[in-house]
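A.B. asks: Next one to model:
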Amino acid sequence: MWWILAFVSAALLGCYDASKKVSLAGNAVFPVLFINTFLSALIFSPFLFTTGFGDWHTQLYILAKSALVLSSWIAGYFAMKHLPLTLVGPVNATRPVLVLVGAMILFGERLNLLQSIGVGLAILAYFLMRRTGKSEGIDFRHNKWVAFLILAVLLGSASGLYDKYLMSPLYLGLEKNQVLGWYSLYQAVIMLVLLLVMWYPRRTTTTPFRWRWSIPLISIFLCGADFAYMQALSQPDALISVVSMIRRGSVLVSFAIGAFLLHEKNLRAKSFDLALMLLSMLFLYLGSK
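C.D. replies: Have a look, this model is predicted:
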């Protein structure tokens, strides 16, 4: 059951990335991100009352997750604004490789043969897609937005491993709805402070904020993706490395939107990479049954 939830999360996450790209084009990052965190906190607010506060020790662990995720989002939002969606997705998809290594070291996870083949094909596809991105004139070594994207990937990978530690019955075993409710609230509060301190005083001299109806879709798709993801991760037999790998299959959805709706370039060069990724998802699916 956990692998089905992982695929649902991946589909919603692809729509989430596309909504971000449309919302951030020529727009101020901090207000868009604040609206996203505020609406997410609103959506998950019922969990604050159904799960309770717990103790301060638990809340400190959740607060650390909020800071980690928000740091990844800030870096990722700036990268998404300035880089093509069909490039951001593949680079983001390198995240499961880091999660896989971390899970093997920290949690002693082991993959079966089919899952190992799927992971190997995915790694190959990710590296080919990164190489293809160079044809768009983006130098990975000197482009600061690529550096922001890599930082977002590293922080996001750490967050994935931390989720396993927080919610697995083998470790802290926190209730998933409690984590969703409180970490969403903390993110909104932190983001409000950053908005008032870092963007609002400079709002007349920097990129202005423009309302778009794609902005609330960011929160709707993200909350659905996170809910499915945490439902999957809370099951005792779930493998964090496989869940994260499947979740990064969202690149297929975002790639399709970038190709057909946003009309981004170099699609033919990326078709083989996508075929490899689809094949890797098939092996992960078969290995998880």
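
A.B. asks: Would you mind giving both backbone torsions of residue 236?
C.D. replies: Main-chain torsions, residue 236, degrees, to the nearest 10: phi -60, psi -30.

A.B. asks: burial measure for it, as a count.
C.D. replies: Neighbourhood size, residue 236 [other Cβ atoms under 10 Å]: 9. Backbone N, C-alpha and C define where each C-beta goes, glycine included.

A.B. asks: Next one: residue 282 from residue 189, what distance?
C.D. replies: 42 Å (Cβ to Cβ, to the nearest Å).

A.B. asks: Kindly apply the preceding question to residue 129 instead.
C.D. replies: 37 Å.

A.B. asks: neighbours around residue 49, how many?
C.D. replies: Counted with other Cβ under 10 Å, residue 49 comes out at 9.

A.B. asks: shouldn't residue 219 be in contact with residue 41?
C.D. replies: No. Using Cβ atoms under 8 Å, residue 219 is not in contact with residue 41; the gap is 9.1 Å.

A.B. asks: thinking again about what came up before, residue 129 and residue 189: which is more packed in?
C.D. replies: Neighbours were counted for residue 129 and for residue 189 using other Cβ under 10 Å; residue 129 has more, 25 against 14.

A.B. asks: Which element, helix or strand, includes the more buried one?
C.D. replies: For residue 129, the element it lies in under DSSP states H and E is helix 113-133.

A.B. asks: Flag every buried residue along that helix.
C.D. replies: By 16 or more other Cβ atoms under 10 Å, the buried positions in helix 113-133 come out as 114-115, 117-119, 121-123, 125-126, 128-130, 132-133.

A.B. asks: of the residues you listed, closest to residue 146?
C.D. replies: Ranked by distance to residue 146 (Cβ to Cβ), the buried residues of helix 113-133 are led by residue 133 at 8.9 Å.

A.B. asks: Residue 9 - how many residues pack around it?
C.D. replies: Neighbour count of residue 9, defined by other Cβ under 10 Å: 27.

A.B. asks: residue contacts, it?
C.D. replies: By Cβ atoms under 8 Å, 6 or more residues apart in numbering, the residues touching residue 9 are 224-226, 228-229, 232, 246-247, 250.

A.B. asks: Turn those into CSV, columns for secondary structure and distance to residue 8.
C.D. replies: Formatted as CSV, the contacts of residue 9 follow (DSSP: H, G, I helix; E, B strand; the rest coil; distance: Cβ to Cβ, whole Å):
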residue, secondary structure, distance to residue 8
224, helix, 8
225, helix, 8
226, helix, 11
228, helix, 4
229, helix, 9
232, helix, 9
246, helix, 10
247, helix, 10
250, helix, 11
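
A.B. asks: Out of those residues, give me the one that has the most neighbours.
C.D. replies: Taking other Cβ under 10 Å as the neighbour criterion, residue 246 ranks highest of the contacts of residue 9 with 29 neighbours.

A.B. asks: number of nearby residues for the closest residue to that residue other than its chain neighbours?
C.D. replies: Sequence neighbours aside, residue 6 is the residue nearest to residue 246 in space, at 4.0 Å (criterion: Cβ to Cβ, 6 or more residues apart in numbering). Counted with other Cβ under 10 Å, residues neighbouring residue 6 total 27.

A.B. asks: Look up how far residue 182 lies from residue 6.
C.D. replies: Using Cβ to Cβ, one gets 23 Å for the distance from residue 6 to residue 182.

A.B. asks: repeat for residue 266
C.D. replies: Separation of residue 266 from residue 182 (Cβ to Cβ): 42 Å.

A.B. asks: So for the two, which residue has more residues nearby?
C.D. replies: Comparing residue 266 with residue 182 by other Cβ under 10 Å, the one with more neighbours is residue 182, at 26 against 16.

A.B. asks: residues contacting that one?
C.D. replies: Contact analysis of residue 182 by Cβ under 8 Å, 6+ apart lists 47-48, 53, 59, 62, 66.

A.B. asks: hmm, try it at 6 Å
C.D. replies: Residues in contact with residue 182, defined by Cβ atoms under 6 Å, 6 or more residues apart in numbering, are residue 62.

A.B. asks: so which strand or helix has it?
C.D. replies: Going by DSSP H and E, residue 182 is part of helix 176-194.

A.B. asks: chain center to that helix: distance?
C.D. replies: 16 Å (Cα atoms, centre = their mean, to the nearest Å).

A.B. asks: The chain should start at 39 in everything you say after this.
C.D. replies: Happy to do that; since the first residue is 39 now, the last one works out to helix 214-232.

A.B. asks: pLDDT (mean, whole number) over that helix?
C.D. replies: The average pLDDT within helix 214-232 is 91.
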